[in-house]
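**Q** build the 3D model from these lines:
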Amino acid sequence: MYNHATADYICPICLSLEGTENQDTLILQSDIVYRDDLVTVIINSFSLGGVIGNAIIVPVKHFENIYDMPDEYGHHVFDLSKRVAIAMKKAYGCDGITTMQCSEPAGDQHAFHYHFHVMQRYDEDRFNEHITHKEVADPKMRAVCAEKLRSNID
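**A** Model prediction:
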């Protein structure tokens, strides 16, 4: 329903969940924070608004967007987002958390696999002014962030 991926779309998130690390996905296995039967938590390959270490929660099964995702997965994503947010507070000492989910190109969805953002925020970080600033984050920094979250997730 309301899908935009082409028939030949190579899903970078699915590739990473299968363990692939190549030019079609920027996600490294060291970016994975948590995984269970339904979802995986991954450090985002991109810094958003200049913030490195934000996380995305993705279903293990491919669903393009919020319209396609079964409620069972959606409930689990929401429950896990709270755990990730608490882990971020402990790991990063951040001042707050922003969550975000984008569906369809008009909603700013760039990867056509449902993903829910959990982003650490800091007083006066001017995040909203820089949200469109998106660059690939250093894999070594992402690995450090993943380890910090991994050790703080309950």
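**Q** now Asp154. Nearest residue, chain neighbours left out?
**A** Among residues not flanking Asp154 along the chain, Arg83 sits closest, at 6.0 Å (Cβ to Cβ, 6 or more residues apart in numbering). (Each C-beta comes from the backbone N, C-alpha and C, glycine too.)
**Q** and for the one you found, the neighbour number?
**A** 17 (other Cβ atoms under 10 Å).
**Q** and the helix or strand that it is a member of, what does it pack onto?
**A** Here Arg83 sits within helix 71-92, counting by DSSP states H and E. Counting contacts by 3 or more Cβ pairs under 8 Å, 6 or more residues apart in numbering; DSSP states H and E, helix 71-92 packs against strand 32-35, strand 39-43, strand 55-59, strand 96-101, strand 116-121, helix 139-150.
**Q** nearest to His4, of those?
**A** Checking those against His4 by Cβ to Cβ gives strand 96-101 as the closest, at 15.4 Å.
**Q** report the buried residues of the helix holding Arg83.
**A** For helix 71-92, the neighbour count (16 or more other Cβ atoms under 10 Å) marks 73-74, 76-77, 80-81, 83-85, 87-88, 91-92 as buried.
**Q** the closest residue in space to Ser151 that isn't next to it in sequence and Ala106: what is the separation?
**A** In space, and not counting its chain neighbours, Ser151 is closest to Ala91: 7.4 Å by Cβ to Cβ, 6+ apart. According to Cβ to Cβ, to the nearest Å, Ala91 and Ala106 sit 34 Å apart.
**Q** ok, back up a step: what residues does the helix holding Arg83 touch?
**A** Helix 71-92 has contacts (Cβ atoms under 8 Å, 6 or more residues apart in numbering) with 33-34, 38-39, 41, 53, 55, 57, 59, 61, 63, 66, 94, 97, 99, 114, 116, 118, 120, 145, 148-149, 151-154.
**Q** go again using 6 Å as the cut-off
**A** Helix 71-92 is contacted by residues 38-39, 41, 55, 57, 59, 94, 97, 99, 116, 118, 120, 148-149, 152-154 when judged by Cβ atoms under 6 Å, 6 or more residues apart in numbering.
**Q** follow-up on the earlier one: tell me which of the helices and strands packed on helix 71-92 is the most buried.
**A** Neighbour counts (mean count of other Cβ atoms under 10 Å) averaged over each of those peak at strand 55-59, with a mean of 26.
**Q** tally of neighbours for Phe112?
**A** Per other Cβ under 10 Å, the neighbour tally for Phe112 reads 21.
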